[in-house]
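Q: Next input, structure requested:
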Amino acid sequence: MKLSEFYWHRITPLHFLLWPTSILYGGIVSLKRLCYRLGLFPTTTLPVPVIVVDSITVEDKSKTPFILWLVEFLKARGLRPGIISRGFNDNTGTPIAVTTSSDQDAVGGKSLWLAHRCADSPVWIGDDRVAVAEALLKAHPDCNILINDDGLQYHQLERDLEIVAIDYCEQNIGNGQIIPAGPLRESLNRLQDVDAVVSNGKINHKFDTEEWASIYNMNLTKDIFHHNLDARNCITPADLSNKRVHAIADLDSAQWFFDHLLNLGITAEFHTFADNHRFKKKDFQFPDTDVILMSEEDAFKTRSFTINNLWVLPVEAQIDGALREVIIKNIRDKFQGLKLINIMACPLCKGPLRYGKSNKDELICQSDQLAFPIIEGIPVMQKSKARDLSNKNETLFKVA
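A: Have a look, this model is predicted:
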C-alpha cells in the first residue's frame, strides 16, 4: 500500500500538518478559476466544440473507459473527434502527435493506449493545451469536435461541456480532503458547476450529492478475459479456479485491478511495477504458472514480444442513455452558433465544403462529389451517410 493510500482514506495525526496546505492549495485553485470566469485572465475559444473529460481525484481509472465510449459515440453520430491531453510528465515543449509507433517514454503509456484504441481519431499532447488543440486542428482540418482529457483545471481553453467521471468508492474519494491531505484535486463542491457527473459504482451517501450536477450511471463490464494473441479465445473467472495464476499491473492501475480480481473470486499472486513501466519478457518469467492476467491497457505495452499464457481483461463502459441527450444538445447548440462552412473539411480529401444551393441541410465536397447531411444541426461526416452527386449536376455556392 502506498503511503498516500494509508492516510488519504482516514484521518490521522498527520492531517493536522496537512490541512493548512490543503486549504491553501484549494484556495489557489478556486481563485484561479474565478479570475478566468471574471475575464481577468485571457482565454481562447476554438471554432469547434470542446468537451472536457476529467476526474476530480488523483487516481480514477473510470475516466479512460469513458473517453473511449465518448469517442465511439461521437463517431457513431457522424462527428470526427480529436483528443488533446497533457501527456506524460507534463510534456513541455512543442505539441506532439501520438501514434501507435510513438515512443512510450516520450508520450506515456496512457496516450499511446488512446492512440491505439482511437485509431481513426487524432491524439495530440502537450503542456500548452491551446497550442496542442490548434496544432491538431491544423493537421486534421476534418476534425470537428475535441475531447480535452484532464482539462478541468486548464481554464485557458474555453469548453462547451464539462463531464467529470468518478469512481464513487472509498479508494478514490477517500476522506474527502484536497491534496495533500486527501486524494481530491478540487473540492467536491466543484461538482456543482460541471455539466454532468458520470458515476461508476454505487453512490456512497457519506458525501452530500444534493447540490451536484446531474449524476449519470456508468457500468464497466470487466469479467471476461481473452487471450493476448487471439481475442476470440475467452475464459471466465470460473475457468481459473484450479489454475496457478499471476496478475501484473503498473502502480497506477494496480489497486483497482487487483481488487477487481479478488471480487471476481480469482486467487492470484500479484506483481506491481512502476508507473509507465516498459515491460520486458523477463518480467513474465514465473515458475509454476498456468495463467498471467493483465488489464487491456497494461497488456498493450507487451505488444513487442509474445507471452503464450497471457490473458487480458478488457474494460467496456455502458453509459446511462440520458447522458447521450445532454451531450448531443450541447453539441447542437454549439454548431448552431457557428458557420459550419468555416470549420468543416471533407473527411476524405480534407478539402473545403460548400452548402448546396437547393438544400442547405447538406455540406458538399465538390472534389469527391459527395453531400454530407446535417441532421438536427449536427453535420454527419461519414461517407456511408453521404449522398453521391457524381451523376448529378449540382449548383454550388460558397457562404460568406
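Q: I believe V197 is in a strand; please confirm or correct that.
A: Yes. Checked against DSSP: H, G, I helix; E, B strand; the rest coil, V197 lies within a strand.
Q: Contact partners for the nearest residue to it once chain neighbours are set aside?
A: In space, and not counting its chain neighbours, V197 is closest to I215: 4.7 Å by Cβ to Cβ, 6 or more residues apart in numbering. Any C-beta I mention is one placed from the backbone N, CA and C, and that applies to glycine too. With contact set as Cβ atoms under 8 Å, 6 or more residues apart in numbering, I215 has these partners: A196, V197, V198, S199, I203, T209.
Q: For L18, state which of those is nearest.
A: The closest of those to L18 turns out to be T209 (Cβ to Cβ; 25.1 Å).
Q: From V164, how far out is the closest one?
A: According to Cβ to Cβ, to the nearest Å, T209 stands 12 Å off from V164.
Q: Now do the shared contacts for these two.
A: Common neighbours of T209 and V164 are listed as L191 (criterion: Cβ under 8 Å, 6+ apart).
Q: and these two? which has more neighbours close in?
A: Per other Cβ atoms under 10 Å, whichever of T209 and V164 has more neighbours is V164, with 27 against 16.
Q: did I read that right, that one in a strand?
A: Yes. V164 forms part of a strand when assessed by three-state DSSP.
Q: In the sheet, which residues pair with it? Tell me.
A: Beta bridges link V164 to D54, V197 when assigned by DSSP bridges.
Q: can you list the domain ranges for the protein.
A: 3-79+144-221, 225-314, 343-397 (automatic domain parsing).
Q: Distance to D120 added to these, as JSON lines?
A: Output for these, formatted as JSON lines (distance: least, Cβ to Cβ, whole Å):
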{"stretch": "domain 3-79+144-221", "distance to D120": "7"}
{"stretch": "domain 225-314", "distance to D120": "17"}
{"stretch": "domain 343-397", "distance to D120": "9"}
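Q: what's the closest of those to D320?
A: When the domains of the chain are compared by Cβ to Cβ, domain 3-79+144-221 sits nearest D320, at 3.9 Å.
Q: How far off centre is the closest one?
A: Its chain's C-alpha centre and that of domain 3-79+144-221 lie 12 Å apart, by Cα atoms, centre = their mean, to the nearest Å.
Q: Ok, stretch 106-124 next?
A: 10 Å.
Q: what's the closest non-adjacent residue to L220?
A: V315 (5.3 Å).
Q: For the one you found, list the residues it contacts.
A: P65, L220, T221, K222, S295, E296, E297.
Q: Could you list which of the residues you listed belong to strands?
A: Judged by DSSP state E, those include L220, T221, S295 as members of strands.
Q: my guess is the first one contacts N200, does it?
A: Yes. Contact status for L220 versus N200: in contact at 5.9 Å, counting by Cβ atoms under 8 Å.
Q: and for the two, which residues touch both?
A: Joint contacts of L220 and N200 (Cβ under 8 Å, 6+ apart) are S62.
Q: May I ask which two of the contacts of I215 are separated the most?
A: With Cβ to Cβ as the measure, no two of these lie farther apart than A196 and I203, at 14.6 Å.
Q: Neighbour count for those two, which is higher?
A: Ranked by neighbour count (other Cβ under 10 Å), A196 and I203 place A196 first, with 23 against 14.
Q: where's the more buried one relative to F66, distance?
A: 11 Å.
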